[in-house]
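Trainee: Kindly return the folded structure for what I paste below:
(one chain, ligands or ions: 1)
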Amino acid sequence: MTVYNAAISEYIRDLFAQEDEALRFIRQNTPERGLPDISITAEEGRFLSLLVHACQARIVLEIGTLGGYSGTWIARALPPGGKLITLEKSGLHAQVAEEHFQRAGVSDRVEIRVGDAHQLLSKLNPQAPFDMIFIDAEKPGYPEYYAWALDHVRRGGLITAHNALWGGAVIGEHSGEGINYVREFNLLVARDERVASTIYPAGDGTLVAVKL
Ligand SMILES: C[S@@+](CC[C@H](N)C(=O)[O-])C[C@H]1O[C@@H](n2cnc3c(N)ncnc32)[C@H](O)[C@@H]1O
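Mentor: Residues are numbered from 1 along each chain as shown. Down below sits the predicted model:
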C-alpha cells in the first residue's frame with residue numbers, strides 16, 4: 001500500500017521541516033529577485049540536513065546554488081568548523097545567495113565559487129574527499145557530476161541528486177529531453193554496484209547513493 005501524496009507531504013513538512021524567518025525569506029525572495037522559482041521544498045531541505053547529520057559531514061559540496069535555500073539547510077546542519085562549498089555559474093544567483101547566507105547566519109561556513117561547475121570541479125582536489133555531495137544543476141551534466149563525485153566522496157559518504165522524479169514524469173509514456181536525462185541517470189545509479197542507492201520521494205525526488 002502506498003499512502004504518500006501531497007497531504008502526507010504537508011504533514012511531514014509541518015512536523016519536521018518548519019522554516020524559520022530566514023528560510024521563509026530566502027524561499028520567497030529568490031523569485032522576487034528574478035531568479036527561477038525552483039528551490040527545493042522544505043521537506044527536501046530537512047532531508048538534506050538529516051543526511052548531513054547521518055554521515056557526520058564536515059565538508060559538503062553542492063553543485064547548483066541558486067538563491068542558497070538548499071545551501072542554508074545543509075550549512076545549518078554542519079558542526080562547528082564544518083564547510084559547504086557551493087558552485088554556481090550565474091553571477092547574479094551567487095550574489096543573491098551570498099546575501100541570503102548572511103541573513104541566515106551561515107556565511108562563515110559557506111564558500112560560493114562562481115563559474116561552470118564542470119570547470120570548477122577540477123580545482124576541488126585539495127578539499128576532497130567530501131562527506132556529501134548534492135547535485136542540483138543542469139540535468140545533462142548529472143552523469144559527469146556523478147562520476148566525479150564517486151571519485152571525490154569518501155567511502156560511506158553520500159552522493160545526492162535532485163529532481164529524480166521530474167514532476168512525476170519518470171513513470172509512464174512521457175518523453176522529452178529532461179525526462180530522458182533523468183531516467184537515464186536514475187538507471188545509471190540504480191545499476192551501479194559501487195553504491196547503495198534509492199530515491200526519497202518528497203518534493204521532486206532526491207536520489208541518494210552511499211559509496212560502498
Ligand atoms: C535547480 S537550481 C538549484 C537550486 C538550489 N539547489 C536550491 O534548491 O536552493 C540550479 C542552479 O544551477 C545553476 N547551474 C546550472 N548549470 C550550471 C553549471 N554548469 N555550473 C554551475 N551552476 C549551474 C543554475 O544557474 C541554477 O542556479
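Trainee: Which stretches in this structure count as helices?
Mentor: For the chain, the helices defined by DSSP state H cover 6-16, 21-32, 42-54, 69-77, 91-103, 117-120, 142-152, 177-190.
Trainee: Now render those helices as CSV, adding mean pLDDT and mean neighbour count.
Mentor: Quick note: C-beta positions are derived from backbone N, CA and C, even for glycine. Below are the helices of the chain laid out as CSV (pLDDT from 0 to 100; neighbours: other CB atoms under 10 Å):
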stretch, mean pLDDT, mean neighbour count
helix 6-16, 94, 13
helix 21-32, 98, 16
helix 42-54, 98, 21
helix 69-77, 98, 26
helix 91-103, 98, 19
helix 117-120, 98, 17
helix 142-152, 98, 19
helix 177-190, 94, 16
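Trainee: for the residue nearest to the spatial centre of the chain, which residues make a bridge with it?
Mentor: Central residue of the chain (CA atoms, centre = their mean): residue 134, 3.9 Å from the mean position. Beta-bridge pairing for residue 134 (DSSP bridges): residue 62, residue 160.
Trainee: What's the separation between it and the ligand?
Mentor: Residue 134 sits 7 Å away from the ligand, taking CB to the nearest ligand atom, to the nearest Å as the criterion.
Trainee: Residue 167 now?
Mentor: Applying CB to the nearest ligand atom to residue 167 and the ligand gives a distance of 13 Å.
Trainee: returning to what we had before: is it possible to export the helices of the chain to TSV including distance to the ligand?
Mentor: TSV is the format used below for the helices of the chain (distance: least, CB to the nearest ligand atom, whole Å):
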stretch	distance to the ligand
helix 6-16	15
helix 21-32	7
helix 42-54	8
helix 69-77	4
helix 91-103	4
helix 117-120	3
helix 142-152	9
helix 177-190	12
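Trainee: JSON lines please, covering the ones you listed and showing distance to residue 111.
Mentor: Converted to JSON lines, the helices of the chain look like this (distance: least, CB to CB, whole Å):
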{"stretch": "helix 6-16", "distance to residue 111": "28"}
{"stretch": "helix 21-32", "distance to residue 111": "18"}
{"stretch": "helix 42-54", "distance to residue 111": "16"}
{"stretch": "helix 69-77", "distance to residue 111": "10"}
{"stretch": "helix 91-103", "distance to residue 111": "10"}
{"stretch": "helix 117-120", "distance to residue 111": "11"}
{"stretch": "helix 142-152", "distance to residue 111": "16"}
{"stretch": "helix 177-190", "distance to residue 111": "27"}
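Trainee: hang on, the earlier thing: was I right about the residue nearest to the centre of the chain contacting residue 62?
Mentor: Yes - shown here, residue 134 and residue 62 form a contact pair, counting by CB atoms under 8 Å, at 4.6 Å.
Trainee: which residues are in contact with both of the two?
Mentor: Residues touching both residue 134 and residue 62 by CB atoms under 8 Å, 6 or more residues apart in numbering: 70, 74.
Trainee: correct me, but residue 64 touches residue 94?
Mentor: No - here residue 64 lies out of contact with residue 94, judged by CB under 8 Å, at a distance of 11.2 Å.
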